[in-house]
Structures are given as C-alpha cells and as structure tokens.
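Novice: the sequence and its predicted three-dimensional model are supplied below.
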Amino acid sequence: MWDGKLKEGDTYIMHNFKIVKNDGQYRVCDHPFKLLFIGATSVRPQPIANIPNSVYQFRSIKEVVASNFSPDLLIGMYYENDLISFI
C-alpha cells in the first residue's frame, strides 16, 4: 500500500500509526524502533524547509583509532540556524 509513495529525504505529516520496538527476527534496518502503519494510518507530504541532509561533525579517524572518546557518550554535533544539536 505504501510502497513507492514514501521517499527517503522527504517530510510527511502522519496520523494514526504506532512506534514499536524493531526487535523482530527480520529487520530492514538497525534502528531500535519502527513505524507500524495500521488501517487508519494517513500520510501526506509536507515540505519543511531547511532540514539538512548531512551537516554532521564526527570524530576524526585518528581519535577513533586512538580510542580518544567514551563509547557510551555522544560524539558529534551539528549546527543549524545558530542552534547546536548533539548526536
């Protein structure tokens, strides 16, 4: 039903869906959660300006190889419109 109607990188407004753990035997991605569309789910395109596709600042490979970070902490951030967001 939704195949070919949703495009990666586009933005949408969605109603009547669930967010569930992505812990099944067959998973299409490594994300811990997935969207579960139900019979009443509705999706419509909603362009949202200024959402960057890739503006991340990751640790350098030297820092990663040297283990110069704590693996249980966030190690990146990005800037957008004078705001800092952590990843």
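Specialist: Great, that's in hand.

Novice: show me the domain layout of this protein.
Specialist: Taking automatic domain parsing as the criterion, the chain consists of the domains 1-49, 51-87.

Novice: those domains: lowest mean pLDDT?
Specialist: Per-stretch mean pLDDT for those is lowest at domain 51-87 (a mean of 62).

Novice: span of stretch 9-27 from start to end?
Specialist: End-to-end distance for stretch 9-27: 20 Å, by Cα to Cα, to the nearest Å.

Novice: contacts for it?
Specialist: Stretch 9-27 is contacted from outside by 6, 29, 31-38, 40-48, 51, 53, using Cβ atoms under 8 Å, 6 or more residues apart in numbering. Every residue, glycine included, has its C-beta placed from N, CA and C.

Novice: is the residue lying closest to residue 46 once chain neighbours are set aside in a helix, a strand, or coil?
Specialist: Closest residue to residue 46 apart from its sequence neighbours, by Cβ to Cβ, 6 or more residues apart in numbering: residue 13 at 4.5 Å. Counting by DSSP: H, G, I helix; E, B strand; the rest coil, the backbone at residue 13 sits in strand.
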